[in-house]
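J.: pasting the structure only:
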Ligand code: FAD
């Protein structure tokens, strides 16, 4: 049997969450003695899909019809359900991304499956039952959910499960299921991007700032540092609560969870609720004028000093390195 993993792309490039979901599916498949089949919908090149082999996927079903280029919730859910049936997959894994949140309940309804959305760790498997730890109440609490139905759908939170390269190759096969015209009753006409910047959950480098910045007028230096590093910008909760920055930048227990290679925290104290969203970053650099700031305890590199002096110098030094 196979575990089916639905993988997402942006303009033909697989998202980081695709590799996370594939790694998560592979870990479950290993426990069950199953294989992993991935499903890609949209225009993704074969060479890009073959990369999934490195993350434990043995087969990729490629649904790349023209009318599927843009996300269509109902149609995508029908295709995932059709693929699960075709592969006789009892477990479907996907990312609990913005589109995943819409898709997961529809897929579960179509497959008469139990659903765990917001999963943050691998399930404990006990016979036909899976016990899954997940976030609840907009990330304010954790819950443990038990799914005992034969079919199961698990939506994994972005950045909750580490990508795990295991080696291997994936065979890519065209997949053209029949889709009901009714599944296209709501269509995306046009996509207008609000920004060309790196999106926060996918970013490999994040420059984040807190109340130590004093006010929104001081964010130009944060944006400049982010720009020279090709980074996304983030902030602490009080900063977005005060309207200094948009809520979409708020990281932490009640915000977005990030897991970049480099997280630079500027003027952020390092409260436990903030750390809950950033502590799986590979390298953490903290800039804070208070040597006792709790963030230094989890930092790989710490700079004690005034952000208003350090950040412009750091930006200039990086610019010099690039020239
Ligand atoms: P502060 O705690 O005020 O820290 C500012 C820091 O800036 C200080 O360490 C100070 O030394 C430093 N500083 C000041 N001036 C300078 C300077 N010139 N140069 C360098 N450093 C300077 N918070 C989150 O971030 N994310 C969450 O998801 C979140 N969820 C929460 C959920 C709950 C239920 C609760 C109760 C709280 C939550 N919080 C969250 C809030 C959290 O507890 C902290 O209050 C918050 O993270 C503090 O934000 P801050 O570090 O920006 O501000």
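T.: Cool, got the structure. Everything numeric here is computed off the predicted structure, so don't read it as measured data.
J.: mind listing the helices for the stretch 151-300 of the chain?
T.: Along the stretch 151-300 of the chain, the stretches classed as helices by DSSP state H, counting those that start in this stretch are 220-229, 237-241, 272-275.
J.: which one of those helices lies closest to residue 1?
T.: Distance to residue 1, taken as C-beta to C-beta, is lowest for helix 272-275 among the helices of the stretch 151-300 of the chain, at 39.4 Å. Just so you know, the C-beta spots here come from the backbone N, C-alpha and C atoms, and that holds for glycine as well.
J.: can the closest one be found next to the ligand?
T.: Yes - using C-beta under 6 Å from any ligand atom, helix 272-275 comes into contact with the ligand via 273, 274.
J.: Mind listing what's buried along that helix?
T.: Using 16 or more other C-beta atoms under 10 Å as the burial criterion, the residues of helix 272-275 that qualify are 274, 275.
J.: how about the residues of this protein near the ligand?
T.: Residues of the chain lying near the ligand by C-beta under 6 Å from any ligand atom: 210-212, 236-239, 252-255, 267-269, 271, 273-274, 277, 287-290, 293, 306-308.
J.: ok, now with 5 Å
T.: The chain comes close to the ligand at residues 210-212, 236-238, 252-255, 267-269, 271, 273-274, 288-290, 293, 306-307, as judged by C-beta under 5 Å from any ligand atom.
J.: what does stretch 173-192 contact?
T.: 39, 59-65, 67, 70-75, 78-79, 82-83, 86 (C-beta atoms under 8 Å, 6 or more residues apart in numbering).
J.: List only those of the residues you listed flagged as buried.
T.: 39, 59-65, 71-72, 74-75, 78-79, 82-83.
J.: dump the residue contacts of residue 18.
T.: 7, 8, 9, 52, 95.
J.: So what does the second one have for phi and psi?
T.: Residue 8 adopts backbone torsions of phi -100, psi 150, taken as degrees, to the nearest 10.
J.: Which residue is the nearest non-sequential neighbour of it?
T.: Once flanking residues are discounted, residue 8 sits nearest to residue 15: 4.8 Å by C-beta to C-beta, 6 or more residues apart in numbering.
J.: still on that earlier bit, just checking, which of the residues of the chain next to the ligand belong to strands?
T.: residue 288 (DSSP state E).
J.: for the stretch 101-250 of the chain, what spans make up the strands?
T.: Along the stretch 101-250 of the chain, the stretches classed as strands by DSSP state E, counting those that start in this stretch are 114-119, 124-126, 129-136, 141-147, 152-156, 171-174, 205-209, 232-235.
J.: helices or strands next to the shortest one in the packing?
T.: Taking 3 or more C-beta pairs under 8 Å, 6 or more residues apart in numbering; DSSP states H and E as contact, the helices and strands that strand 124-126 lies on are helix 16-32, strand 129-136.
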